[in-house]
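Asker: Sequence and predicted structure below; questions after.
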Amino acid sequence: MAFVEGKNGVMLHVKDVGEGRPVLLIHGWPLTGDMFEYQSLALIEAGYRVITYDRRGFGQSGHPAVGYDYDTFADDLAAVIEALDLQGVSLVGFSMGGGEIARYLTRHGPGRVAKAALVASVAGYLLKGPDNPDGVDASVFEDMKAQIRKDRFAFLQSFAKTFYGVGFVTSPVSQGVLDWSFVLGVMASPKATIDCVDAFGKTDFRPDFRSFTVPTLVIHGTGDKTVPIDPTGRAAARGISGAELIEYEGEPHGLFATVPERLNADLLKFLG
């Protein structure tokens, strides 16, 4: 099945590979489901059925003008799960994708879900405020949107370096990975790219934590400058009953490519 009809008729591009217990991987911004190349291969070879899809507005899914909010994203996720009739599925959400899991569990319940993993996830609350002093100042998100409007392509190239922790001394990923990430990013609708900054930056997922009634793993890098660990990963581990937190010391945001072997091993252990 190449496409599933999501909310309001938007077509979602889906990849469904392998056999065995299902694992559904939900991608981060501004990438596509293909960002999970390392994880998909490891999971398929370990005997899992692996499903990825492109969020509305990204990759090969439909690019509507509206609908870039987490209630809609959660309903799209539900549409994929129901169309494929997934039972006992494990959900793995990276970055923005962690928000989908949180809101899905609130809106649709855990009936079809076996386990949940939040990897460098926004679940928590990114926006700084009186009750969230460790969050990110609103001006950061406004500046991101302004840069995208001015030159989305230059922004994506610059953003990728922070995303993967590339600097004058550090180079945890190859130029090929940076180029690949740029290609995935430019596939997105500019409208979706901009609107999702508000979605992931200003949605408070803390009330959704009570909906996590399945075994939950939280993985986050302490050096993450894109999604800081305190208002997200650590907050999720505190707020989700029984959650296990694994901190990757010094690691940046793009864990799926900077330390794929370690991430794969932790995911396989948790899923097993």
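Answerer: Now that the structure is in, tell me what you want to look at. Source: prediction; values computed, not measured. Residues are numbered from 1 along each chain as shown.

Asker: okay, CA-based contacts and neighbour counts for the rest of this
Answerer: Noted.

Asker: so after the helix or strand containing Lys161, what's the next helix or strand?
Answerer: In the assignment (DSSP states H and E), Lys161 maps to helix 138-164. Using DSSP H and E, the helix or strand that follows helix 138-164 in sequence is helix 175-186.

Asker: which residues touch that following helix?
Answerer: Residues outside helix 175-186 that contact it (Cα atoms under 8 Å, 6 or more residues apart in numbering): 29-32, 34-35, 59, 153, 156-157, 160-161, 257.

Asker: quick one: which of those is nearest Thr232?
Answerer: Using Cα to Cα, the shortest approach to Thr232 within the contacts of helix 175-186 belongs to Trp29, at 15.7 Å.

Asker: surely that closest one meets Gly93?
Answerer: No: proximity of Trp29 to Gly93 does not meet the contact threshold set by Cα atoms under 8 Å, at 11.3 Å.

Asker: Show me whatever sits in contact with both of those two.
Answerer: Common neighbours of Trp29 and Gly93 (Cα under 8 Å, 6+ apart) do not exist.

Asker: Those two: which is more packed in?
Answerer: Gly93 (26 against 19; other Cα atoms under 10 Å).

Asker: Who does the more buried one form a beta bridge with?
Answerer: Judged by DSSP bridges, the bridge partners of Gly93 are Ile26, Leu118.

Asker: and it, what is it in contact with?
Answerer: Neighbours of Gly93 in contact, by Cα under 8 Å, 6+ apart: 25-28, 99-101, 116-119, 121.

Asker: can you do 7 Å?
Answerer: When contacts are counted by Cα atoms under 7 Å, 6 or more residues apart in numbering, Gly93 touches 25-27, 101, 117-119, 121.

Asker: And for Asp131?
Answerer: No contacts exist for Asp131 under Cα under 7 Å, 6+ apart.

Asker: Kindly report the same for Gly57.
Answerer: Per Cα under 7 Å, 6+ apart, neighbours of Gly57: 63-64, 188-189, 192.

Asker: how about 8 Å then?
Answerer: 63-64, 188-189, 191-193.

Asker: which two from those end up farthest apart in space?
Answerer: Within the contacts of Gly57, two members stand farthest from each other by Cα to Cα: Pro64 and Thr193, at 11.8 Å.

Asker: thinking again about what came up before, cross the contacts of Gly57 against strands and list the overlap.
Answerer: Within the contacts of Gly57, no residue falls in strands by DSSP state E.

Asker: just for this structure, where's the confidence low?
Answerer: For the chain, the stretches with pLDDT under 70 are 1.

Asker: Do you have the strands of it handy? List them.
Answerer: Here the chain has its strands, by DSSP E, at 3-5, 11-17, 22-26, 49-53, 89-94, 113-119, 216-221, 244-248.

Asker: can you give me the offset of the third one from its chain's centre?
Answerer: Average the C-alpha atoms of strand 22-26, do the same for its chain, and the two points are 11 Å apart (Cα atoms, centre = their mean, to the nearest Å).

Asker: just the shortest one next, same as before
Answerer: Between the centre of strand 3-5 and the centre of its host chain there is 20 Å, according to Cα atoms, centre = their mean.

Asker: Which residue is the nearest non-sequential neighbour of Phe3?
Answerer: With Cα to Cα, 6 or more residues apart in numbering as the criterion, Phe3 has its nearest non-adjacent residue at 4.6 Å, and that residue is His13.

Asker: my read: the one you found touches His63, true?
Answerer: No: under the criterion of Cα under 8 Å, His13 makes no contact with His63, lying 11.2 Å away.

Asker: who has more neighbours, these two?
Answerer: His13 (24 against 20).

Asker: need the contact list for that one.
Answerer: Counted by Cα under 8 Å, 6+ apart, His13 has contacts 2-4, 53-54, 59-61.
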